[in-house]
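S.K.: Okay, structure incoming, though there's no sequence with it:
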């Protein structure tokens, strides 16, 4: 069961409640970190990102589709620098080796190392 938790906002420093219902929602979505900002500061940051012309507020994405005259930007299609992808450890369901995967394993489905994944694909 979840219980309400008092948290301090990273931006404004005010105390806010991370309710049991919010904790359940976070768990259902696979979010492992609690919020760092109160709902007011979260809404303010979201509005600032949306007002920045569709960019992600400097989070590594660019609204321009490349200025080199061709294609849709460099590498990933959005241009700009991206943060390193967060990787998670998982045990391969086939061979038992520890593997690094780009998603949080939930246990609902098997996870394979790259070698076993390739052999599963055929």
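M.R.: Right, received. Where do you want to start? Everything numeric here is computed off the predicted structure, so don't read it as measured data.
S.K.: contacts and neighbour counts: CA atoms only from here.
M.R.: Noted.
S.K.: what about residue 10, neighbour count?
M.R.: Using other C-alpha atoms under 10 Å, residue 10 has 13 other residues around it.
S.K.: how's the chain carved up into domains?
M.R.: 5-51, 58-83, 88-121 (automatic domain parsing).
S.K.: quick one: the helices in the protein?
M.R.: Counting by DSSP state H, the chain has these helices, from start to end: 20-29, 39-51, 114-121.
S.K.: Can you lay out the domains of the chain as a markdown table showing mean pLDDT?
M.R.: Below are the domains of the chain laid out as a markdown table (pLDDT from 0 to 100):
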| stretch | mean pLDDT |
| --- | --- |
| domain 5-51 | 89 |
| domain 58-83 | 51 |
| domain 88-121 | 89 |
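S.K.: just to revisit the earlier point, between the helices of the chain, which gets nearest to residue 94?
M.R.: helix 114-121 (6.7 Å; C-alpha to C-alpha).
S.K.: ok, residues contacting the closest one?
M.R.: 92, 94, 95, 99 (C-alpha atoms under 8 Å, 6 or more residues apart in numbering).
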